[in-house]
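Colleague: Build me a model from this:
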Amino acid sequence: MSIIQWYPGHISKAERQLKEQIKNIDIIFEILDARIPIASHHPNINQWIEGKPKITVLNRMDMIPQSLYQKWLNWFKERGETAHFTDAKQGKGIKSLNQLAKEAGNLVNIKRVNRGMRPRPVRAVVIGFPNVGKSALINRLLGRKVAISARRAGVTRQLQWIRISKTIELLDAPGVIPIKLENQKNAIKLAICEDIGEAAYDNQQVAAKLIDLLLELNFEKTLQLRYGIDPLGISGEQYIEKLESSFYKGGKERVAMQLLNDFRKGIMGCIPLELPKN
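Modeller: Numbers count the residues shown, from 1 in each chain. Got it, this is the predicted structure:
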């Protein structure tokens, strides 16, 4: 398996600008991919925000089983974090985020008034890895499309302030990612979920790792029912070879893309790649 690394130039610039803007921010929304909440957390965010209030948003709630919702909420609570689930595409969970931002704004303005200053709109920022659904979530918060949203990494390339209402201003930032992905197991999960640029990885290798990971998580029946081939006792690479020889005559690359797209679009079902463990 080749090393997965991805750090395009616009991310370096955006990260620098983001750090400069943090001092002006009242509340931080960190957007995570609900399928991989641990792998999609940027390890440096807590340093950047300097103790300011942070709301952890687990987006794509529709892509994991409902039985995991409360388990993940408890997992984050045990670590001192407030987490909320959203489905930005369908608009689920958006009202509660608006309310949290307003509550944070009220606290900010109470302090300002006590110091003899005039109230102002609360300033929030949306931070997260590329393609975790930040722009789609912002569009839902605003009620109209202002942020470019697409199912690929690296679409948003510059910071922009967006007024959500008279009381909330939101900073839309490009996806940020560590300059070096030290944890390659997490990097593979990011590639599987399309949360990093496709130039960073080999589709066949990542698809093989997807099969291996699904077996570790006991989803072998899902694979057998979907593709008609028992995955037990063989590697992900061998599974791709069997699929190619049995059904897909267009080559292993076509098989790999079929597997990855079936997972990414939810065609395989609601499948998490991480589970909340203590």
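
Colleague: How many residues are close by the closest residue to Arg140 other than its chain neighbours?
Modeller: Spatially, and ignoring its direct neighbours in sequence, Arg140 is nearest to Ile94 (4.6 Å; C-beta to C-beta, 6 or more residues apart in numbering). Where you see a C-beta, it was placed from the backbone N, CA and C, and this is true even at glycine. Ile94 has 20 neighbouring residues, counting by other C-beta atoms under 10 Å.

Colleague: What of the one 10 residues further on?
Modeller: By the other C-beta under 10 Å criterion, the neighbourhood of Ala104 contains 20 residues.

Colleague: Excluding covalently adjacent residues, which one is nearest to it?
Modeller: Excluding its sequence neighbours, the residue lying closest to Ala104 (C-beta to C-beta, 6+ apart) is Ile27, at 4.1 Å.

Colleague: So the one you found versus His41, what's the distance?
Modeller: Spatial separation of Ile27 from His41 under the definition C-beta to C-beta, to the nearest Å is 18 Å.

Colleague: and what of Cys270?
Modeller: Applying C-beta to C-beta to Cys270 and His41 gives a distance of 21 Å.

Colleague: Torsion angles phi and psi at Arg163?
Modeller: phi -80, psi 110 (degrees, to the nearest 10).

Colleague: tell me the contacts of it?
Modeller: The contact partners of Arg163, taken as C-beta atoms under 8 Å, 6 or more residues apart in numbering, are Pro121, Glu169, Leu170.

Colleague: Please enumerate the helices of the stretch 51-200 of the chain.
Modeller: 69-78, 94-114, 134-142, 184-192 (DSSP state H, counting those that start in this stretch).

Colleague: shaky segments in the protein?
Modeller: 144-158, 248, 278 (pLDDT under 70).

Colleague: contact partners of stretch 5-21?
Modeller: 48, 125, 127, 130, 153-154, 157-159, 171, 173-181, 187, 196-197, 199-200.

Colleague: Let's see that with 10 Å instead.
Modeller: Contacts to stretch 5-21, defined as C-beta atoms under 10 Å, 6 or more residues apart in numbering, come from residues 25, 42, 44-45, 47-50, 123, 125, 127, 130, 153-154, 156-159, 161, 171, 173-181, 184, 187, 190-191, 195-201.

Colleague: closest to Lys277 out of the helices of the stretch 51-200 of the chain?
Modeller: helix 69-78 (8.0 Å; C-beta to C-beta).

Colleague: returning to what we had before: so the residue nearest to Arg140 versus Leu141, what's the distance?
Modeller: Distance from Ile94 to Leu141, by C-beta to C-beta: 6 Å.

Colleague: intersection of neighbour lists for those two?
Modeller: Here Ile94 and Leu141 have Thr86, Ala88 as joint contacts, going by C-beta under 10 Å, 6+ apart.

Colleague: surely Ile229 meets Leu243?
Modeller: Yes: using C-beta atoms under 10 Å, Ile229 is in contact with Leu243, at 6.3 Å.

Colleague: which residues do these two both contact?
Modeller: In contact with both Ile229 and Leu243: Leu223, using C-beta under 10 Å, 6+ apart.

Colleague: Who has more neighbours out of these two?
Modeller: Between Ile229 and Leu243, Leu243 has the larger neighbour count (other C-beta under 10 Å), namely 23 against 14.

Colleague: sec struct for the more buried one, please.
Modeller: helix (DSSP: H, G, I helix; E, B strand; the rest coil).

Colleague: show me what contacts it?
Modeller: Contacts of Leu243 by C-beta under 10 Å, 6+ apart are 207, 211, 223, 227-229, 231, 252, 254-256, 258-259.

Colleague: biggest separation within those residues, which pair?
Modeller: Pro231 and Arg254 (18.5 Å).

Colleague: list the contacts for Phe263?
Modeller: Here Phe263 is in contact with 35, 63, 192-194, 207, 210-211, 213-214, 269, 271, 273 (criterion: C-beta under 10 Å, 6+ apart).

Colleague: what about it, helix or strand, and which?
Modeller: Per DSSP states H and E, Phe263 falls inside helix 252-264.
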